[in-house]
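> starting from these lines, generate the structure:
(one chain, ligands or ions: 2)
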Amino acid sequence: MYKLSSAPLVTSQQIDKRLDTLASEIKAADFDVILSVLTGSYIFTADLSRKIADTELEIAFIKASSYGDSTESKGTVKISGLEKLDIKGKRILLIDDILDTGNTMKALVETLLKLEPASIKTCVLLNKESRRVVDCHADFVGFEIEDKFVVGYGLDYASKYRTLPEIWTLEEV
Ligand code: 5GP
Ligand code: MG
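Ligands and ions are numbered 1, 2, ... in the order given. Now for the predicted structure:
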């Protein structure tokens, strides 16, 4: 059994403020396409992209799954939604929710490179640096966090908790 921590790890105000900075950095880097990884980064992508507010910027989605209803990554990454993706020759910003072991991001970048984009940079809302297993880094990071399982702001546990506006730690009871 799990329960939410007594207070949010990151509040809505902290997220909003950090996204202002991230958005201006991303705007300056001039991407053609934001490629967002469903489902965990849907709120992050919506909030960040509205702060970038660039009429030329395209938004596309793919899905990656490695977690069942557990809090541990299984290391195998299933990617879907690649069929209709048109990224050849484009400058891509890949957005995911969390960089944990790095398995997901590494698999995504390797797969996307085969579609011959002009470039790929990566952006994550949260980075758990201490958890890294494979060589992988993000070019843009919202917040560095410790090795704790988090939910809210799009992030789930067993498909629940996504709609919370803040980021919370899930504690075992
Ligand atoms: P990795 O492949 O880097 O180990 O895991 C990345 C994926 O695992 C993330 O995209 C996210 O879906 C999931 N994940 C990793 N840590 C957490 C966490 O603390 N909370 C939630 N909800 N998902 C996580
Ligand atoms: Mg994910």
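
> can stretch 101-110 be found next to ligand 1?
Yes - interface with ligand 1: stretch 101-110 contributes Thr101, Gly102, Asn103, Thr104, Met105 (Cβ under 6 Å from any ligand atom). Using the backbone N, CA and C atoms, a C-beta is placed for each residue, glycine as well.

> give me the contacts around that stretch.
Here stretch 101-110 makes contact (Cβ atoms under 8 Å, 6 or more residues apart in numbering) with 37, 62, 64, 66, 73, 75, 77, 79, 94, 96, 99, 120, 122, 124, 131-136, 138.

> name the residues of it that are buried.
Using 16 or more other Cβ atoms under 10 Å as the test for burial, stretch 101-110 gives Thr101, Gly102, Asn103, Thr104, Met105, Lys106, Ala107, Leu108.

> ditto for stretch 107-127
For stretch 107-127, by 16+ other Cβ under 10 Å, it's Ala107, Leu108, Leu112, Pro117, Ile120, Lys121, Thr122, Cys123, Val124, Leu125, Leu126, Asn127.

> taking these together, which two end up most distant?
Largest separation among the buried residues of stretch 107-127 by Cβ to Cβ: Pro117 and Leu126, giving 24.3 Å.

> return the subset of the residues of stretch 101-110 next to ligand 1 lying in helices.
Asn103, Thr104, Met105 (DSSP state H).

> now those residues as a markdown table including pLDDT?
Formatted as a markdown table, those follow (pLDDT from 0 to 100):
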| residue | pLDDT |
| --- | --- |
| Asn103 | 95 |
| Thr104 | 96 |
| Met105 | 97 |
